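A.B. asks: Build the 3D model from these lines:
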Amino acid sequence: MIAPALLLALSTIPAIPAPDDAVRAEVARLLHDAQSRSSLLLAPVASGRDGGFTIVDDNDAFRLNVAGRIQTRWLAAWRDDAGGVDPFTSGFQMRRVKFTFSGHVVDKSLRFKITNDFSRSSGRGRLSSASITKRFDNGLAIRAGQFLLPLTRESLDSSKRQLAVDRSLVNGAFGLDRSQGVQLRIRGDRWRSWAAFSDGADNSNTDFGSSTPDWALTGRFEWVPTGANKWFRTQAGAFDAEQSLRIGAAAHAEDRAGAGGRLVSWTGDVASVGPGWTALATIVGRDLQKQSGDDFTDWGVTAQVGIWANDRVLPFVRWELLIPDTDRAGDSKTNVLTAGANWYLHGDALKVTVYGVWLIDGAGDNDLLNPSTGTGVLDPGAGDSEFVLRVQIQALF
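C.D. replies: Sure thing, here's the model as predicted:
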């Protein structure tokens with residue numbers, strides 16, 4: 001009885017007609033439209049050993065690269081004569097936390113880059129660099145935005161690719177840091193040059209009308225007479241690097257007529273890498289005329305060498321000399337010795353660095369030394385010498 005009743009019920013359901021050609025065409029159009037709108041989200045690809053990833057459209061007209069870095073460390077500082085302050089200080093620190101967005105728009109020749117970092121003391125975010133660059137087929141490129149001024153080589157080498165985890169104290173005293181402006185770069189087979197017109201030294205994140213020089217010009221030239229420039233992408237070179245030599249020179253001048261004063265800086269550097277070793281030497285000087293009428297000529301020298309123990313471990317040593325003008329109140333010369341090693345677990349993408357910095361003499365009487373928790377040099381004025389130990393792990397993603 002159940003089977004005949006079920007058959008009778010099913011026979012009363014009207015038949016569903018097959019879709020006609022118009023329905024099929026509309027479904028196909030909707031599917032194609034959905035696929036084209038989601039293509040940007042469906043095309044991520046991995047990008048290199050340093051991590052990060054890329055989102056690109058079907059024609060590679062628009063590309064977005066997303067990357068970041070974390071540098072976390074433990075520091076300890078000892079001071080010989082702390083003058084009533086605890087001679088030993090230690091603790092942990094988030095040295096650098098950064099996100100970088102880069103890529104191109106419309107075509108590969110129009111590029112952008114934005115880097116945001118976070119304060120190691122408050123955790124607040126701030127703009128580090130932001131620029132738009134137009135590249136031409138003849139090796140010419142024009143950049144506009146906020147970027148590192150091309151004076152010292154150490155400043156131009158990324159903080160994630162330094163031999164030590166921090167740039168030298170000489171670079172901290174003489175480097176120009178970031179500024180807003182325009183920059184022209186010309187590149188040949190074995191040479192590169194930069195020329196920048198900007199708001200002047202240490203002038204990032206400033207608005208129009210703020211206190212800036214009337215004008216500021218920076219120029220740099222580099223030549224690779226032997227080997228290849230690719231081996232200088234990181235200060236460590238490579239365990240199997242081809243023997244290469246790079247020579248660089250740069251100058252900067254800014255007129256602060258509106259605020260009083262003048263700054264002229266100059267530098268020269270020689271870098272060399274080869275199978276199992278890397279080396280860099282720099283000399284930098286400047287003439288600083290202040291609004292008060294004081295005129296100082298200061299000098300700094302650095303030299304560093306790294307010798308690979310194997311393809312993962314790179315011990316290194318660095319020597320620095322800061323020479324203030326004799327007319328300064330703190331005019332004592334200071335020698336700084338740094339020694340340690342990098343352990344590359346996966347290239348720069350994952351590495352551990354351990355090293356010590358010894359401010360040998362005259363640390364309390366040198367106007368070029370600035371206390372900084374970033375370098376771990378807490379207060380050079382408190383004693384005749386200071387030793388800082390740093391242990392850092394870096395991860396790039």
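A.B. asks: for the helix or strand harbouring residue 66, packing partners?
C.D. replies: Using DSSP states H and E, residue 66 falls within strand 63-79. Under the contact criterion of 3 or more Cβ pairs under 8 Å, 6 or more residues apart in numbering; DSSP states H and E, strand 63-79 touches strand 53-56, strand 88-104, strand 386-396. Quick note: C-beta positions are derived from backbone N, CA and C, even for glycine.
A.B. asks: Could you export those strands as a markdown table, including mean pLDDT and mean neighbour count?
C.D. replies: Formatted as a markdown table, the helices and strands packed on strand 63-79 follow (pLDDT from 0 to 100; neighbours: other Cβ atoms under 10 Å):
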| stretch | mean pLDDT | mean neighbour count |
| --- | --- | --- |
| strand 53-56 | 86 | 16 |
| strand 88-104 | 94 | 16 |
| strand 386-396 | 95 | 20 |
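A.B. asks: Which among those is found nearest to residue 294?
C.D. replies: With Cβ to Cβ as the criterion, residue 294 lies closest to strand 386-396 of the helices and strands packed on strand 63-79, at 27.2 Å.
A.B. asks: for that closest one, packing partners?
C.D. replies: Using 3+ Cβ pairs under 8 Å, 6+ apart, strand 386-396 sits against strand 63-79, strand 350-359.
A.B. asks: quick one: average pLDDT of the strand holding residue 66?
C.D. replies: For strand 63-79, the mean pLDDT works out to 93.
A.B. asks: Over to stretch 125-138?
C.D. replies: 95.
A.B. asks: In it, which of the residues would be classed as buried?
C.D. replies: 128, 129, 130, 131, 133, 135 (16 or more other Cβ atoms under 10 Å).
A.B. asks: for the fourth one, what are its contacts?
C.D. replies: Same thing as residue 131. By Cβ atoms under 8 Å, 6 or more residues apart in numbering, the contact set of residue 131 is 112, 113, 143, 144, 145, 146, 147.
A.B. asks: Those in strands, which ones?
C.D. replies: Here DSSP state E is the test, and the contacts of residue 131 give 112, 113, 143, 144, 145, 146, 147 as lying in strands.
A.B. asks: Which of those sits closest to residue 218?
C.D. replies: residue 147 (10.6 Å).
A.B. asks: What degree of burial does that closest one show, as a neighbour count?
C.D. replies: A count of nearby residues for residue 147, using other Cβ atoms under 10 Å, gives 24.
A.B. asks: Quickly find the element holding the nearest residue to it once chain neighbours are set aside.
C.D. replies: Once flanking residues are discounted, residue 147 sits nearest to residue 131: 5.1 Å by Cβ to Cβ, 6 or more residues apart in numbering. Per DSSP H and E, residue 131 falls inside strand 125-135.
A.B. asks: Just the angle for that strand relative to strand 88-104, thanks.
C.D. replies: If you take axes from the mean of the first three to the mean of the last three Cα atoms, to 10 degrees, strand 125-135 sits at 40 degrees to strand 88-104.
A.B. asks: how about the CA coordinates for strand 125-135, as PDB?
C.D. replies: Provided in PDB are the C-alpha atoms of strand 125-135 (Å, rounded to 0.1, in the frame of the first residue of the first chain):
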ATOM      1  CA  GLY A 125      53.400  53.300  15.700                       C
ATOM      2  CA  ARG A 126      55.000  56.000  13.500                       C
ATOM      3  CA  LEU A 127      55.900  56.500   9.900                       C
ATOM      4  CA  SER A 128      59.500  55.600   9.100                       C
ATOM      5  CA  SER A 129      59.700  55.900   5.300                       C
ATOM      6  CA  ALA A 130      57.300  56.500   2.500                       C
ATOM      7  CA  SER A 131      58.100  57.200  -1.100                       C
ATOM      8  CA  ILE A 132      57.100  56.900  -4.700                       C
ATOM      9  CA  THR A 133      59.800  56.000  -7.300                       C
ATOM     10  CA  LYS A 134      59.700  56.200 -11.100                       C
ATOM     11  CA  ARG A 135      62.200  54.000 -12.800                       C
END
